[in-house]
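In: sequence and predicted structure, then a few things I'm wondering about:
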There are 2 protein chains.
Amino acid sequence: MTELETYFPHSRKVYITGSRPDIRVPFREIELAHTLNEDGTQKEFNAPVRVYDTSGPQTDGPLPALRADWIAERENLTQLEHARAGTITPEMEFIAIREKTEPEIVRDEIAAGRAVIPANRCHPECEPMIIGRKFRTKINANIGNSALGSSIEKELEKMRWSVIWGADTVMDLSTGEQIHETREAILRHCPTPIGTVPIYQALQKVGGEIGDLTWESYRETLIEQAEQGVDYFTIHAGVLQKHIPLANQRLTGIVSRGGSIMAQWMKTHNCESFLYTHFEEICEIMREYDITFSLGDGLRPGCLADANDDAQFGELKTLGELTQIAWKHGCQVMIEGPGHVPMHKIKENMDRQLEDCFEAPFYTLGPLVTDLAAGYDHMNSAIGGALIGWYGCSMLCYVTPKEHLGLPNRDDVREGVVAHKIAAHAADLAKGIPGAQDRDNAISKARFDFRWEDQFNLCFDPERARRFREESLPPGEQHNVKQRYCSMCGEKFCSMRISHDIRK
Amino acid sequence: MTELETYFPHSRKVYITGSRPDIRVPFREIELAHTLNEDGTQKEFNAPVRVYDTSGPQTDGPLPALRADWIAERENLTQLEHARAGTITPEMEFIAIREKTEPEIVRDEIAAGRAVIPANRCHPECEPMIIGRKFRTKINANIGNSALGSSIEKELEKMRWSVIWGADTVMDLSTGEQIHETREAILRHCPTPIGTVPIYQALQKVGGEIGDLTWESYRETLIEQAEQGVDYFTIHAGVLQKHIPLANQRLTGIVSRGGSIMAQWMKTHNCESFLYTHFEEICEIMREYDITFSLGDGLRPGCLADANDDAQFGELKTLGELTQIAWKHGCQVMIEGPGHVPMHKIKENMDRQLEDCFEAPFYTLGPLVTDLAAGYDHMNSAIGGALIGWYGCSMLCYVTPKEHLGLPNRDDVREGVVAHKIAAHAADLAKGIPGAQDRDNAISKARFDFRWEDQFNLCFDPERARRFREESLPPGEQHNVKQRYCSMCGEKFCSMRISHDIRK
């Protein structure tokens, strides 16, 4: 039994085939029971519910190279260049089926730079997906080791766990040992796009000495990772010398690892960031592989007091300039965003990002809406994430309960992914993504019908929902899913049971 | 050691005395370490942070009757009547100190009906608190047994646990055995106001047979609970015969227990709800004890599909009429609200409540922003709660991870309370409650100073934050709080360490 079957019973993978037989788009189909009459006869058939599925082929070995032919067949243009030329690539068609929309809408959003398809030519295993605000809000799960712990096996497990619970992309943020090997293992086994922050490995190569970083060694790292198949690179090219004094005024300074590394480098060498001065060369490399830029927010606020300050918005302006340069080179671009931001300042972040970065998709960490939630920061981030998703953010980077405290483990990954699935879905409902409410309606009908199994299977985490209900029932009753009530109210006080009586 | 000392180390209770020695307002003061220079000498003194405290005297026995003299000394008027007459009661002064505002502001909000002080004359143990949108957003924790489980001891434990984690009021929703005795135990030991839904006990008295409910038996239950000291009653007097057909159109019908009971009763007897027809008599009882109305939303939506429908808004109009009748009798009133509501429909709920109910405080369950989050509904509710709190809701009813699945246990209570503390605090920050950000700023400074102990102690759940950090460090390092980094990045990649280096 695959992990998917274990955690999502009564679900099966189905594939919709596109205009050519090798475009096979995965969905997870949740099978439902009939609605019954009181005498147990069938009252109504409930159609299975098809949901977006990120879990991949669920094989133990390396994944098949599903995009190999598509890549081989076409000219070496990026998705952006194809879109501008009016071509609908197989990736775009795949995505249109996946998002239940028209290929022409996908092409148009890509051409306009309002959406990206992170899919490196050297990562043919990746199932195409799109990040843009006209589409389902996506979530990213960060994994990766640190100098203080983990192993390739553990990171692979976290990656598999992330996509089972619904991560749309995975970032490998390893900063410890065996960075290359860890990434290789992840790339060959992961069905989603993979992002990295190349400066981490570049720094590791020079023994952690920031002053020893050079453009040449960074460039070499970029190419090494590009060849492996990384789909998007976080590049903190927007942190400039002029911004450093602004960040020095702050309560918590620079809290982005990449941002702080580049600030320290500029300080040491007293010159502009090599990421900025060599940006056009970076674009050339990115274009070659069709790697998507994720322009890093090196000056994202690390606390409420620093939110929406001159450092943050100063960098955002620079990211806008860089976006236009990258687009000129035919590269796809998204923009990373805050950080810690109180709710009433989130909209300004979103609006300024759209304006300053010409509607390139926004990809945010959180935002966290208070600084006080250590141990519960996944919830904190889900609040801010739901809000900014509604306002127009395209992808939420998950935050786990370990944020601010340590490296997440497998359980934290599950908590973090599900919290942000809730936030992203709440955003989709509020944005009015067509069909977003279908699954909610199906679960609510199941609830009113007392179809407990269907209720479990339709929700984001069937295993937990089932376990929680069973835990709270008296022994002997625990596996009885025929009961028309739960332990919260018992039978006499069950409002749904009474509602049925009223309708009779 | 008290539970408070166990879970909140370096915190101590302090009291601020008002204009008379028996007005002693509790705060929890969190002691902080100095900011140090690199050589370990003191760089800066960090003042202790005083936070609102709901935990009560933390004694094992029954609580002292702190309001006994205030009640005995004054005329038998409600807080609303005193406020209208221009009197600042000791409760109002207590609250002004607690909320760090002026007594005149408290009086004015009460007089206008925009805030309530739930404090039954027969509950002298209760520490006065206020529910109104100009003040800190409050949270309520539901406890109580059901026919399927729990005991007085377990419910007392959940009550104590609720106030330690920060519940501002507690509702005893018992529907099982020993309802009277459970409530008595809770009332004599709880430092916060207690709310109930009297129809539950009234129904239990007639053996659960809805048709057998009578005004007389309900009235007797009201007086029994009033005499015990219940501070606010949820009364579903707004569900009328005309609303029932509207609810019959719904996907999930009526999901409020009280609402469904009254609908069934009206159907059975084919006449208007006795809660509505006898509403003025109910007001007379409530006035006598100064019990606050919590006008129940018997037709709150149980799923997104039913949100903001005619049934819900029809009832809201009736609740507005009842508010004016209650005010005429000198009674305090708050209004209960949804339910399941997608984010983009939350503001309409809040705005219509303020308009239809003449700015009486809103007290909402959630709202839950998706139907798919069973097992994680506390997070789901925290998203909606933060939003509606920002828009003007005065109190959030917590939801636990067991929502839709079963009766919460002690762990669920902690999760539910902390999730809603985060939501309520996020709302206060966004609303701009004066001083709301002070604690965030203190924790962020501690974070930047690597004062780990202070970081733990300043957050909502110090015990969990400490445990999570320790769990993720290598053995031998786990209790080392002197480290200037955590396992997430390790030392070389610590952005805050680098930020300090840059400033040097």
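Out: Thanks, I have the structure now. Numbering: from 1, shown residues only, chains lettered A, B, ... in the order given.

In: anything in the helix or strand hosting residue A:425 near chain B?
Out: When elements are assigned from DSSP states H and E, residue A:425 belongs to helix A:410-431. Yes. Using C-beta under 8 Å from any C-beta of the partner chain, helix A:410-431 reaches chain B at A:418-419, A:422-423, A:425-427, A:429-431. All C-beta spots, glycine's among them, are computed from the backbone N, C-alpha and C.

In: now those residues as a markdown table including neighbour count?
Out: Output for those, formatted as a markdown table (neighbours: other C-beta atoms under 10 Å in any protein chain shown):
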| residue | neighbour count |
| --- | --- |
| A:418 | 24 |
| A:419 | 33 |
| A:422 | 30 |
| A:423 | 32 |
| A:425 | 29 |
| A:426 | 31 |
| A:427 | 31 |
| A:429 | 24 |
| A:430 | 22 |
| A:431 | 20 |
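
In: pull the most distant pair out of those residues.
Out: Farthest apart among the residues of helix A:410-431 next to chain B by C-beta to C-beta are A:418 and A:431. That separation is 20.2 Å.

In: neighbouring contacts of stretch A:211-220?
Out: The contact list for stretch A:211-220 (C-beta atoms under 8 Å, 6 or more residues apart in numbering or on different chains) reads A:198-199, A:202-203, A:205-206, A:261, A:264-265, A:268-269, A:274-275, A:277-278, A:281-282, A:285.

In: one more time with 7 Å, if that's ok
Out: If you take C-beta atoms under 7 Å, 6 or more residues apart in numbering or on different chains as the criterion, stretch A:211-220 is touched by A:198-199, A:202-203, A:205-206, A:265, A:268, A:274, A:278.

In: what subset of these is buried?
Out: A:198-199, A:202-203, A:205, A:265, A:274, A:278 (16 or more other C-beta atoms under 10 Å in any protein chain shown).

In: looking at these, which are in helices?
Out: Cross-referencing the buried ones among the contacts of stretch A:211-220 against helices under DSSP state H gives A:198-199, A:202-203, A:205, A:265, A:274.

In: could you export the residues you listed as TSV, including pLDDT?
Out: TSV is the format used below for those (pLDDT from 0 to 100):
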residue	pLDDT
A:198	98
A:199	97
A:202	96
A:203	95
A:205	93
A:265	97
A:274	98
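
In: what does the stretch 101-250 of chain A put close to chain B?
Out: A:146-149, A:175, A:200, A:208, A:244, A:248 (C-beta under 7 Å from any C-beta of the partner chain).

In: mind checking the SS state of residue A:360?
Out: Under DSSP: H, G, I helix; E, B strand; the rest coil, the three-state class of residue A:360 is coil.

In: wait, isn't it in contact with residue A:332?
Out: No. Applying C-beta atoms under 7 Å, one finds residue A:360 not in contact with residue A:332, separated by 8.8 Å.

In: quick revisit: of all the contacts of stretch A:211-220, which two lie farthest apart?
Out: A:198 and A:268 (19.4 Å).

In: now the closest residue to chain B within the stretch 101-250 of chain A, nearest residue through space, not along the chain?
Out: In the stretch 101-250 of chain A, the residue found nearest to chain B is residue A:147; the distance is 3.5 Å by C-beta to the nearest C-beta. Closest residue in space to residue A:147, ignoring its immediate chain neighbours: residue B:490 at 3.5 Å, by C-beta to C-beta, 6 or more residues apart in numbering or on different chains.

In: do stretch A:24-36 and chain B meet?
Out: No. Taking C-beta under 7 Å from any C-beta as the criterion, stretch A:24-36 and chain B are apart, separated by no less than 11.2 Å.

In: distance from that stretch to the middle of the chain?
Out: The chain centroid and the centroid of stretch A:24-36 are separated by 24 Å under C-alpha atoms, centre = their mean, to the nearest Å.

In: how far does that stretch stretch from start to finish?
Out: End-to-end distance for stretch A:24-36: 35 Å, by C-alpha to C-alpha, to the nearest Å.

In: could you list the buried residues of that stretch?
Out: Buried residues in stretch A:24-36 (16+ other C-beta under 10 Å): A:25-30, A:32-33, A:35.

In: so for that stretch, what's the average pLDDT?
Out: Averaging pLDDT along stretch A:24-36 yields 97.

In: please apply the same query to stretch A:492-504.
Out: Taken as a whole, stretch A:492-504 has an average pLDDT of 84.

In: please name the nearest non-neighbouring residue to residue A:407.
Out: Among residues not flanking residue A:407 along the chain, residue B:487 sits closest, at 4.7 Å (C-beta to C-beta, 6+ apart).

In: verify the stated contact: the one you found with residue B:471.
Out: No. Residue B:487 is beyond contact range of residue B:471, at 9.2 Å (criterion: C-beta under 7 Å).

In: mind telling me what element residue A:488 is part of?
Out: Using DSSP H and E, no helix or strand contains residue A:488.

In: what do you get for the one 10 residues further on?
Out: Counting by DSSP H and E, the element that carries residue A:498 is helix A:495-503.

In: list the buried residues for that helix?
Out: Neighbour counts over helix A:495-503 (16+ other C-beta under 10 Å) mark A:495-500, A:502 as buried.

In: so is it next to chain B?
Out: Yes. Judged by C-beta under 7 Å from any C-beta, helix A:495-503 comes into contact with chain B at A:495-496, A:498-499, A:501-503.

In: what's the answer for stretch A:462-474, then?
Out: Yes. Using C-beta under 7 Å from any C-beta, stretch A:462-474 reaches chain B at A:464-465, A:468-469, A:472-474.

In: with just CA atoms, put that stretch into PDB.
Out: Taking Å, rounded to 0.1, in the frame of the first residue of the first chain, the C-alpha atoms of stretch A:462-474 are listed here in PDB:
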ATOM      1  CA  PRO A 462      -8.600  12.100   6.800                       C
ATOM      2  CA  GLU A 463      -6.300  10.100   9.100                       C
ATOM      3  CA  ARG A 464      -6.400  12.800  11.800                       C
ATOM      4  CA  ALA A 465     -10.100  13.500  11.500                       C
ATOM      5  CA  ARG A 466     -10.900   9.800  11.900                       C
ATOM      6  CA  ARG A 467      -8.500   9.300  14.800                       C
ATOM      7  CA  PHE A 468      -9.900  12.400  16.700                       C
ATOM      8  CA  ARG A 469     -13.500  11.200  16.400                       C
ATOM      9  CA  GLU A 470     -12.600   7.700  17.500                       C
ATOM     10  CA  GLU A 471     -10.500   8.900  20.500                       C
ATOM     11  CA  SER A 472     -13.400  10.900  21.900                       C
ATOM     12  CA  LEU A 473     -16.000   8.100  21.700                       C
ATOM     13  CA  PRO A 474     -16.600   5.600  24.500                       C
END
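
In: pretty sure residue A:499 is touching residue B:260, no?
Out: Yes. With contact defined as C-beta under 7 Å, residue A:499 and residue B:260 form a contacting pair (5.6 Å).
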